[in-house]
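1. Sequence and predicted structure, then a few things I'm wondering about:
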Amino acid sequence: MQLPSAKRSGIVLLVILLLIAAPFMLRHGQQATETPDGPPSVDCNATAPGGQLPPELRAEEGAGGHGVGEPEVVQGVVSSGDTAAKILQEWLSSVDVHTMVSACEKVYSLARLRAGQPYTVVANVSAGGIERFEYEIDNSQKLIVSKTDDSFAARVEPIQYDVEIIRVEGTIESNLFQSVADAGESPTLAIRLADIFGWEVDFIRDIREGDSFTVLVEKRFREGEFKGYGRVLAAIFTNQDQTHRAYLFHDDLGFPQYYAPDGASMRRSFLKAPLSFTRISSGYTMTRKHPIFRDVRPHQGVDYAAPTGTPVKAVGNGVVASAGWGNGYGNLIILRHSNGYESYYGHLSGFARGVRKGAMVKQGDVIGYVGATGWATGPHLDFRLKKDGKFINPTKNISPRSEPVARKLLPDFRRQMDAIRPYLDGEGDIATLDVQKLPNI
C-alpha cells in the first residue's frame, strides 16, 4: 500500500531533523558521563616503552596517592636500544645524566644496561629530579644510585631473597631435562647438575634410562614469587650404576668448589664435552666417508649436532691461539692449553665477544656459537683435541683432576659433609638444616 504524498513528506522531514540533531545529542550524552571538572578518559590498558606506565597514568596515580613533594615510584624493564639517557630523560637533563653516568663508572658502567633487566626510578619532580635509581645487574646484585646535594653516589648491593632449601630427586626415563621437569622444577636445575658432574659424566653419550639424581638446593623468592635457584649445597648423580657425590666447599682461596667425599675435586683439566645436551653425529675415526666429497678420509675429531647459535664452551683454561676463518673448518677457534694440549672448535656461526688472538679464557666460558660455516652439511660443532702436535680422540682423553681440598681444611670439609649428608640422603628434616652454622658453605 502506498502512503499519501503528504504523509511521505512529513516522514522525510522528520528523518532530516534527527540527522541534524544527532551530533548535539551525542555530545551532550558524553558530557553527562564526565565529572564537571574531571580529566579526559584514559586507556588503562595503554603501555609505554621500556615497561613504564604511560605519563598520564603516572600523573593520575600521583594525584591520587602522593602529596606535594612525595616521591613517585616508576618501575620498568630495559628495552632493546635503551640507554640511561633515554630512560631518565623525563626527570633529568642531559648534564645530570652525564653526572650520574660518571658517578657509576667506578662501580658499574651504565653503558652495560641489558635488555630485559628491571629497573626502578624513585622520582620527585618538586625536589628537582630523582631521589634514587635502581638497576638489577643480574639475579644476585643490583646497582643503586642515590642523589646527593650536588651529584650522585653509586653502589652495588646484593639482592635480598627469601631462601628455602629443598631436596629434589628423580629417575631418568628419557633425558635429564624431562626428569627435572617431572620433579616439578625448572630446566635450569638440570643445567646446574650438568655443570657439577660434567667432568664425570658425558651428558651427551653416557646417560641411560634408570640413571638418577638427588640435589639439595636453595630456591630464592621475592614477594612470594620464585626467582631462581641459589646454591646447590650437595648433589648425587648415579650413572650406569656408578654413583657420584658432590659437596659445596670453599677452597683455601675462598672460591666455591665441589668436592667428592674423599676431598678430590669434581673439576678436571678438561670438560667431557664443549656442549651440553646435544648428540654426536660423527665420532673420531680414521676411515670416514666424507659427507661432501664422498671419499674416505680420517675424521680426527667429534661432531656434535646442535641448533645454530647453541653456545660452545672452552673445555679448559687457555689462551686463544687463533680465531678466524679456517677454510674447511669455517669459523674456527683454536685454544692453547697447558701441558702441550690444543683444542679446536670448527664450523662456528660466530665468536663470543672478546674472543680474539691472545685473549685468556677460563674453563666453561662461552667462546662461540654452533653454525654450519665451511665444509658442513648442517649446523654442528667439529671439536678436536691435540696433544704435543698430534690429534687424539677427545672421548678417550684421561684428564687430570684439579687440586683437592687443602690438607689443612680437610677436617672442616669432613665435618661439613657429615652435617649435610643426612639431609641429602633424605634422613633428616630439612626444616632443621641451618646453613648459617656451616660457614664454609
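-> That came through fine.

2. for the protein, what are the low-confidence residue spans?
-> 1-69, 125-128, 277-299, 397-398 (pLDDT under 70).

3. Could you rerun that using 50?
-> By pLDDT under 50, the low-scoring segments of the chain are 1, 3, 6-8, 12, 15, 17, 23-66.

4. And it, split by domain according to the record?
-> When the chain is parsed with automatic domain parsing, its domains come out as 51-158, 162-267+404-437, 279-396.

5. Make TSV out of those and add distance to Ala273 and mean neighbour count.
-> The C-beta positions use only the backbone N, C-alpha and C, and glycine is treated the same way. Supplementary listing: these in TSV, determined by distance: least, CB to CB, whole Å; neighbours: other CB atoms under 10 Å:
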stretch	distance to Ala273	mean neighbour count
domain 51-158	26	15
domain 162-267+404-437	5	16
domain 279-396	7	17
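
6. Let me see the ranges of the helices in the stretch 1-150 of the chain.
-> 5-33, 55-65, 84-88, 94-104 (DSSP state H, counting those that start in this stretch).

7. you'd agree Glu200 is up against His244?
-> Yes: with contact defined as CB atoms under 8 Å, Glu200 and His244 form a contacting pair (5.0 Å).

8. Find the residues that touch each one of these two.
-> Residues touching both Glu200 and His244 by CB atoms under 8 Å, 6 or more residues apart in numbering: Phe237, Met266.

9. Could you look up the SS state of Gly350?
-> strand (DSSP: H, G, I helix; E, B strand; the rest coil).

10. Quickly list what it is bridged to.
-> With DSSP bridges as the criterion, Gly350 is bridged to Tyr369.

11. and it, what is it in contact with?
-> Neighbours of Gly350 in contact, by CB under 8 Å, 6+ apart: Asn331, Gly368, Tyr369, Gly371.

12. If you count contacts, what does the longest strand along the chain end up packed against?
-> Secondary structure of the chain per DSSP state E: the longest strand is strand 225-239. Applying 3 or more CB pairs under 8 Å, 6 or more residues apart in numbering; DSSP states H and E, we find strand 225-239 packed against helix 187-197, strand 212-222, strand 242-250, helix 410-424.

13. One more pass at 6 Å, please.
-> Counting contacts by 3 or more CB pairs under 6 Å, 6 or more residues apart in numbering; DSSP states H and E, strand 225-239 is packed against helix 187-197, strand 212-222, strand 242-250.

14. Quick one: end-to-end distance for stretch 429-441.
-> 19 Å (CA to CA, to the nearest Å).

15. contact partners of that stretch?
-> Ile165, Arg167, Leu248, Phe249, His250, Asp412, Gln416, Tyr423 (CB atoms under 6 Å, 6 or more residues apart in numbering).

16. Please apply the same query to stretch 265-274.
-> Residues contacting stretch 265-274 (CB under 6 Å, 6+ apart): 198-199, 202, 204, 246, 258-259, 312-313, 315-316, 383, 399-402, 404.

17. Could you list the buried residues of that stretch?
-> When neighbours are counted by 16 or more other CB atoms under 10 Å, the buried residues of stretch 265-274 are found to be Ser265, Met266, Arg267, Arg268, Ser269, Phe270, Leu271, Lys272, Ala273, Pro274.

18. chain center to it: distance?
-> 22 Å (CA atoms, centre = their mean, to the nearest Å).

19. repeat for stretch 72-88
-> The answer for stretch 72-88 is 20 Å, by CA atoms, centre = their mean.

20. Tell me the strands beside the longest strand of the chain, with direction?
-> Assessed with DSSP bridges, strand 225-239 is paired to strand 212-222 (antiparallel), strand 242-250 (antiparallel).
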